[in-house]
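Student: sequence below, structure please.
(chains A, B, C and D)
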Number of protein chains: 4
Amino acid sequence: MKTIKGIIPPMITPLKGDDQIDREGTVRLTEHILAGGVHALFLLGTTGEAQSLSYKCRYDFVELVCRQVAGRVPVLVGVTDTSLDESVKLAAHAAKCGAVAVVAAAPYYFAPSQQELIEYYTALADALPLPLFLYNMPSHVKVFLEPATVKTLADHPNIVGLKDSSANMTYFQTLLYHLGGREDFALYVGPEELTGESVVMGADGGVNGGANIFPELYVQMYYAACNHDVNTMHALQRKIMQISTSLYTVGKYGSSYLKGVKCALSLLGICDDYMSYPYRKFRTEERARIRKALEALGAECGE
Amino acid sequence: MKTIKGIIPPMITPLKGDDQIDREGTVRLTEHILAGGVHALFLLGTTGEAQSLSYKCRYDFVELVCRQVAGRVPVLVGVTDTSLDESVKLAAHAAKCGAVAVVAAAPYYFAPSQQELIEYYTALADALPLPLFLYNMPSHVKVFLEPATVKTLADHPNIVGLKDSSANMTYFQTLLYHLGGREDFALYVGPEELTGESVVMGADGGVNGGANIFPELYVQMYYAACNHDVNTMHALQRKIMQISTSLYTVGKYGSSYLKGVKCALSLLGICDDYMSYPYRKFRTEERARIRKALEALGAECGE
Amino acid sequence: MKTIKGIIPPMITPLKGDDQIDREGTVRLTEHILAGGVHALFLLGTTGEAQSLSYKCRYDFVELVCRQVAGRVPVLVGVTDTSLDESVKLAAHAAKCGAVAVVAAAPYYFAPSQQELIEYYTALADALPLPLFLYNMPSHVKVFLEPATVKTLADHPNIVGLKDSSANMTYFQTLLYHLGGREDFALYVGPEELTGESVVMGADGGVNGGANIFPELYVQMYYAACNHDVNTMHALQRKIMQISTSLYTVGKYGSSYLKGVKCALSLLGICDDYMSYPYRKFRTEERARIRKALEALGAECGE
Amino acid sequence: MKTIKGIIPPMITPLKGDDQIDREGTVRLTEHILAGGVHALFLLGTTGEAQSLSYKCRYDFVELVCRQVAGRVPVLVGVTDTSLDESVKLAAHAAKCGAVAVVAAAPYYFAPSQQELIEYYTALADALPLPLFLYNMPSHVKVFLEPATVKTLADHPNIVGLKDSSANMTYFQTLLYHLGGREDFALYVGPEELTGESVVMGADGGVNGGANIFPELYVQMYYAACNHDVNTMHALQRKIMQISTSLYTVGKYGSSYLKGVKCALSLLGICDDYMSYPYRKFRTEERARIRKALEALGAECGE
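Tutor: So this is what the prediction gives:
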């Protein structure tokens, strides 16, 4: 697999009820994102509410999006699970649907040690039918994939990169130092607030949730950073931070970001904003705040 | 459902390979535990490695144990999941197999707020075909079920109790104060080191992992505490602490307890000690330490 | 030093302004506590806001209380500090004033390793003019004094006991198992909700903040537990939990407990409730809730 | 006070015994750092082991360094304390010695709420004789200075900036977005691994521990970032990361960084590497590893 460079939006999963995919919304959202010039698509990540969906629903969604994308960009599928066997099964389905790689955070119930993580990821990569991206997500899985662990795993022929959602840039710089020069291992940053500085320092791209709404903005940031065009980066960063501090901070939820993204897409007429348990979508008052934030960003709300 | 009082062992899941149940071992272990006079059995909890098993394997295990128990004691089944739908499906299967209740910790990927927990557990209890026990497990799921949350949920007609594995006794005493007198809501303590003091202060029983190995010891502690026989409690507590400080502390793993229980059962000839990923069973040196600890406890190793 | 057994109230520090001791209030509070039959007094602990006071203020307070107590009960003084030298100086002052022992939590800025804790406490105990009690307070100092560390330190001739404020009873039971039988090492529990069950299981007493307000209640619990009188324990525990759940839970502060204790003492006419930075005392509305809680407990508010 | 821009090394405190300053080493270290072209000097921070030193020792050190610097660069003094009164006293001393500003992290024993932090810092800034820099250090003080808190405090006329040592760049970008354009409020980053990307994105400078050893390296990075010279930044970043991953990672201590810096300065013949409790300096084997790392960096060890 050729290394993917650029913006890889972690797609939300449009729902219209418990475990009911909003199929028309999914098609519209896919086209909306692809029209922004993104370089790949990542399904069933944290932003995709993967863990909250039944397996049937996850399988259906992968199939639907892969069919819609139809090879225009590479599709990555999240197979993060606590059961290795379920990860492998979902990966086999993803391969059949045309996905090019899978992504897995650490098993997230019982917190494993670093040695156990090495054994787990090795067994997983051995069993998978597709290349594997590691996914560092300590706030959700309770453990870091420490740099020494990542260095060991990066030598596995079927492990091809890492997405870091820790926001800890000392950690990410350490990975860049050890692995940044390798053609066969890609490093992506999760938080969209950090795509500019990460790419300018050598990262391969960003897996940025805001690209569900404004895909071209993050693509522009990616190119500005690749071109070392710092003045353009400053201007784009202000817009990215306006999104981050207005759309993602309504309410005092750990999930305010996710609720904001879904609500915004609904206001823009792209897809439904139903959320799976334990989350509930924004109601009237919060929705009004998201609408106001979108308008301040120059977006036209369809409703 | 009549309230269950006493010792409810959280059964380990005997395995002989990835997602392969050790069926003969399961039968032997079931009989071993029941022979100790326990008051119920809890399958697919943390000790049962539930999250690491495929769904197929979980379903098989519930069926196998329910058939073997054949109504001699009530069977509870863990349905902890990040997907509400998968919890409900597993509960339906458990009901069909003859289980009397299910147990669920909070969804454990994205950490929910207390309000989200109330909505989640209400929706779950509404949908379940069996009564529900709450399960407080903050070290694994990252959130406490706060006392005010538990008080609200305790009024749901289908929520019948709580198991607390936090080891935080100020928390547990707060639950006892608010809910300890209710006939329709049971309070159990997870850590076996605390069963004596919890029951003597008013708890309904213990969900103690050591009861896989030495079921009668925890049953004796339960009765001594019910009888306010403090001198006997002191003697039993020394034995319980000897187990805790020798069998559960080999290696520096978060999972040392679980590895120790499985290894001990293997040394006693009861069942295989294969562990599902991300865990690996103890090897030669650690196994020798478990053997020595068992011998110091007067247990006869069959190997 | 003969082991102290029983209730050792962690005295609040009555203030009437920044670093200004309420001297009359201190005298009244000392007499109020001693009248309850407590077995010792502990100054400058967490409840005493020690870290928030200037050294001058700490020195004055030790002198004032020691003079007032005049040997009627042993006085212990908190010397918890990040600078070993300042701890030793304060201990020398405490010895001169007549204190019989000092108490020290781990240095609380940079989190030390267990090996560093052993070296630190050894150096401290070597340098101190008085016997030392260890103080396990992980929520404030970020590290546990692990059982193996405590076992090592318990062999130092000048280290004579430990107070545990973790509320983690598995931890405390482990200490009781390893050190509970020793005449030269005492084990106290901090949270007053746990004094009954801890003493009945073998602890030497409780360092309970509520004993500032209702000293005789905790003394009664201590004796009931010593006598294995479980029925009396149950009755006392209900009162203790009523205090805990009404006086200590006003507002959503980490310091609600401390604010509640000071406010209650002010309402009872015992001492001023000024608090040192970063805390501020309760204002009108919160004060009314504390008054109501006190009245429900049968206490007469003087104001 | 004019805003300070550039590299502000957090100076270590050279010691030759408990609370004994290595005065000759301090003079040599001061000259070594100033020779590197740094823009200011910060005494008694985390890297300065301030909390471990007696007050007498802290006062002496401030006096000694201020006299040596003699106005060549501005001197900032850490007054982080749990007692507001002690902070103010130390600040008065610093002002008398010629320091231009002070720096304070949150009080670090009892964790305050954000509202309590606002009241605390307001009272502190009101009482201080010098301008105040906030210091965000969540790993040590347990709380973040949240963006809304910082925004409120930034309006206080005596609060002039913030140093962030969280390594959380989403947090830092949020501060840059809200406060980055203000002439009267400076934003510095603590971790030296992040100085390049922070300054290129708009930060005012770095408070970088490695500048004790290699001051000119961080000064070069500062200028390269100011000039948007990304290629030079890449080359300097490799050197900075080599330092970070070789000098700061010997042993498995939370304090490996600090031990590494002191040991390196001792090997370079600049000052003694005694450490105050609870830390101990590196011994033979670890020292050999630091020597090797220094040699790989092209530094000449004098010993």
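
Student: which bits of the stretch 101-250 of chain A sit near chain B?
Tutor: In this structure, the stretch 101-250 of chain A approaches chain B at residues A:106-113, A:116-117, A:119-120, A:123-124, A:140-142, judged by CB under 8 Å from any CB of the partner chain. Quick note: C-beta positions are derived from backbone N, CA and C, even for glycine.

Student: buried among those? Make that a ChimeraX selection.
Tutor: Entered in ChimeraX, the line below selects the buried ones among those, by 16 or more other CB atoms under 10 Å in any protein chain shown:
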select /A:106,107,108,109,110,111,112,113,116,117,120,123,124,140,141,142
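
Student: out of the residues of the stretch 101-250 of chain A next to chain B, which are inside helices?
Tutor: Among those, the ones falling in helices (DSSP state H) are A:116-117, A:119-120, A:123-124, A:140-141.

Student: now distance to A:N168 and pLDDT too, for those residues, in JSON lines please.
Tutor: Output for those, formatted as JSON lines (distance: CB to CB, whole Å; pLDDT from 0 to 100):
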{"residue": "A:E116", "distance to A:N168": "22", "pLDDT": "94"}
{"residue": "A:L117", "distance to A:N168": "17", "pLDDT": "97"}
{"residue": "A:E119", "distance to A:N168": "24", "pLDDT": "96"}
{"residue": "A:Y120", "distance to A:N168": "22", "pLDDT": "97"}
{"residue": "A:A123", "distance to A:N168": "27", "pLDDT": "97"}
{"residue": "A:L124", "distance to A:N168": "24", "pLDDT": "98"}
{"residue": "A:H140", "distance to A:N168": "14", "pLDDT": "95"}
{"residue": "A:V141", "distance to A:N168": "14", "pLDDT": "94"}
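
Student: can you list the weak-confidence ranges in chain A?
Tutor: Residues of chain A that meet the criterion pLDDT under 70 lie in A:303.

Student: let me see the ranges of the strands in it.
Tutor: With strands called from DSSP state E, chain A shows them at A:6-7, A:15-17, A:20-21, A:41-43, A:75-78, A:101-105, A:132-136, A:159-164, A:186-189, A:205-206.

Student: please tell me how far A:I12 sits from chain C.
Tutor: As for A:I12, its distance to chain C is 32 Å (criterion: CB to the nearest CB, to the nearest Å).

Student: need the contact list for that residue.
Tutor: With contact taken as CB atoms under 8 Å, 6 or more residues apart in numbering or on different chains, A:I12 is in contact with A:29, A:47-49, A:209, A:212, A:258, A:261-262, A:265, A:271.

Student: give me the buried subset of those.
Tutor: A:29, A:47-49, A:209, A:212, A:258, A:261-262, A:265, A:271.

Student: between those residues, which sits nearest chain D?
Tutor: A:G209 (12.2 Å; CB to the nearest CB).

Student: residue ranges for the helices of the stretch 151-300 of chain A, please.
Tutor: Applying DSSP state H, counting those that start in this stretch to the stretch 151-300 of chain A gives helices spanning A:169-179, A:195-200, A:215-226, A:230-246, A:256-267, A:284-296.

Student: which of these sits most buried?
Tutor: helix A:195-200 (a mean of 26; mean count of other CB atoms under 10 Å in any protein chain shown).

Student: hmm, who's touching it?
Tutor: A:7, A:169, A:172, A:189, A:203, A:205-206, A:208, A:218, A:221-222, A:224-226, A:228, A:230, A:233, A:236-237, A:240, D:169, D:197-198, D:200-201, D:230.

Student: kindly recompute the last result at 6 Å.
Tutor: A:189, A:206, A:208, A:221-222, A:225, A:233, A:237, D:197, D:201, D:230 (CB atoms under 6 Å, 6 or more residues apart in numbering or on different chains).

Student: which parts of stretch A:180-200 are buried?
Tutor: A:180, A:185-200.

Student: and the end-to-end length of it?
Tutor: Distance across stretch A:180-200, first residue to last, is 12 Å (CA to CA, to the nearest Å).

Student: so how far is that stretch off the chain centroid?
Tutor: Distance of stretch A:180-200 from its chain centroid, counting by CA atoms, centre = their mean, to the nearest Å, is 13 Å.

Student: stretch A:149-168 too?
Tutor: 15 Å.

Student: then stretch A:230-249?
Tutor: Using CA atoms, centre = their mean, the offset of stretch A:230-249 from its chain centre is 18 Å.

Student: quickly check: it near chain D or not.
Tutor: Yes: counting by CB under 6 Å from any CB of the partner chain, chain D has neighbours in stretch A:230-249: A:230, A:241.

Student: returning to what we had before: which one of the helices of the stretch 151-300 of chain A lies closest to B:Q20?
Tutor: helix A:169-179 (36.4 Å; CB to CB).

Student: contacts for that closest one next, please.
Tutor: Here helix A:169-179 has contacts from A:147, A:151, A:154, A:164, A:185, A:187, A:202, D:167, D:169, D:191, D:193-194, D:241, using CB under 6 Å, 6+ apart.

Student: before we move on, what about stretch A:128-136?
Tutor: With CB under 6 Å, 6+ apart, stretch A:128-136 has contacts from A:1, A:91-92, A:95, A:101-105, A:125, A:145, A:158-164, A:166.

Student: one more time with 7 Å
Tutor: A:1, A:76, A:80, A:88, A:91-92, A:94-95, A:99-105, A:121, A:124-125, A:144-145, A:150, A:153, A:158-166 (CB atoms under 7 Å, 6 or more residues apart in numbering or on different chains).

Student: please pick the buried ones from those residues.
Tutor: A:76, A:80, A:88, A:91-92, A:94-95, A:99-105, A:121, A:124-125, A:144-145, A:150, A:153, A:158-166.

Student: quick check: A:F282 vs D:V200, distance?
Tutor: 36 Å (CB to CB, to the nearest Å).

Student: contacts only, for A:S266.
Tutor: Per CB under 7 Å, 6+ apart, neighbours of A:S266: A:272-273.

Student: ok, it to chain C distance?
Tutor: 32 Å.
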